[in-house]
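Engineer: The following comprises the amino acid sequence and a computationally predicted model.
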Amino acid sequence: MEKGILGLFTYVDTLLEAAKKLKGSGYSITIFSPIPLGHEIDHALGERKNYIKYLAFIGAVVGFIFGIVLTLGTAVMYVLPRGGRAIFPVTPTLLISYETAILFGVFFTLAGFLVFAKLPSFKEKFYDPEVAIDSFGLLVDGVREDKFGDIEKVMREYGANEVKRIEKK
């Protein structure tokens with residue numbers, strides 16, 4: 001069973017300061033909010049690395065190579081010389097390669113998104129209804145039993161209204 005601690009905050013500023021302090025201490029944190037806070041979280045905790053753009057590029061390169069192999073391989077397998085035309089035509093090869101580059105780029109991007117978003121998730125997620133109404137939540141995961149007091153002290157120091165211990169299955 002994984003143990004964690006949830007602090008409920010009234011103000012975003014105090015939540016972000018506490019998150020910055022706990023993130024700097026090496027804890028894994030999750031922020032819950034009733035409103036979108038993407039830019040504020042990125043500004044306070046630093047932007048996360050985005051590897052999906054590299055997957056899209058790799059997918060496009062793989063798709064382009066696949067398109068070339070597909071068209072040239074088909075031309076080799078089914079040789080149809082017609083009136084002096086080239087057996088390995090450039091224009092249809094580039095058109096098919098362009099389309100397969102787009103197709104594979106989209107597939108790799110979708111697969112990367114699903115992997116990095118951890119979808120589908122079969123683990124039970126923690127949720128507190130107070131976070132959806134009027135509070136901001138800071139969840140610290142994977143906390144050892146002897147560190148609960150330290151984290152609770154930091155959260156109270158930064159203005160947490162309520163601190164709850166949780167257990168996830």
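Structural biologist: Received it, and whenever you're ready, just let me know what you need.
Engineer: Give me the domain ranges for the protein.
Structural biologist: When the chain is parsed with automatic domain parsing, its domains come out as 2-34+134-168, 52-116.
Engineer: The first one: end-to-end distance?
Structural biologist: Using C-alpha to C-alpha, to the nearest Å, the end-to-end distance of domain 2-34+134-168 comes out at 5 Å.
Engineer: repeat for stretch 25-39
Structural biologist: In stretch 25-39, first residue to last residue: 22 Å (C-alpha to C-alpha).
Engineer: any idea of the mean pLDDT in that stretch?
Structural biologist: Average pLDDT, stretch 25-39: 89.
Engineer: re the thing from before, looking at the domains of the chain, spot the one closest to residue 45.
Structural biologist: Closest approach to residue 45 among those (C-beta to C-beta): domain 2-34+134-168, 5.6 Å. All C-beta spots, glycine's among them, are computed from the backbone N, C-alpha and C.
Engineer: and the closest one, how far out from the chain's middle?
Structural biologist: 22 Å (C-alpha atoms, centre = their mean, to the nearest Å).
Engineer: weakest of the domains of the chain in terms of mean pLDDT?
Structural biologist: Sorting the domains of the chain by mean pLDDT places domain 2-34+134-168 lowest, at a mean of 91.
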